[in-house]
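> Quick check, what structure comes out for this input:
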Amino acid sequence: MAKTLEEKMNYPKKPEVKLLKKRINANFPAGRMLIPTPKVIDKTVRSVKKGKTITVEELREKLAKSYRADYTCPLTTGIFLRVVAENAELQRSRGASRIAPYWRVLQKDNSLNPKFPGGINAQARKLRAEGHEIVTKGKKKVVAD
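This next block holds a predicted model:
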């Protein structure tokens, strides 16, 4: 049976820093790698103020620094960020007024994330409502500021 969003938000319970003794590939070099949790990502996303944005890479750097790790796992960060976004929209649908502003998290090149709820059009609407300009660069929509 599939886990509910609430269950996904609560697993794993604690972040973990793992020591990788040797490089696996470009995404997983040797060093201390943080495996975050959805709740840790949720808390960090909530710290991004209205009118500001953060890239996934900046989010990962911020998390790594706060846990004294060399870097944060890119795979689990992406998965858990999507869980946070989906949970935020679930909470909104239940009447919550304060949700994690996941739409403020951009991809590496400041482009919008098609995997967020509602895709890039919904993310663009939310960002425009906060004063950001969205432009098209090649095939992607990016934040201009």
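> contacting residues around the helix ranked longest in the chain?
As assigned by DSSP state H, the longest helix anywhere in the chain is helix 74-93. With contacts defined as CB atoms under 8 Å, 6 or more residues apart in numbering, helix 74-93 is touched by 5-6, 8-9, 27, 35-38, 41-42, 45, 56, 59-60, 63, 99-103, 105, 115-118. Bear in mind the C-beta positions are built from the backbone N, C-alpha and C, glycine included.
> repeat that with 6 Å
5, 8-9, 27, 35, 38, 41-42, 60, 99-100, 102, 115-117 (CB atoms under 6 Å, 6 or more residues apart in numbering).
> Of the residues you listed, which belong to helices?
Short answer: the contacts of helix 74-93 in helices (DSSP H) are 5, 8, 9, 38, 41, 42, 60.
> what's the farthest-apart pair in the residues you listed?
5 and 60 (22.3 Å; CB to CB).
> Between the two, which is the more surrounded one?
Per other CB atoms under 10 Å, whichever of residue 5 and residue 60 has more neighbours is residue 60, with 23 against 16.
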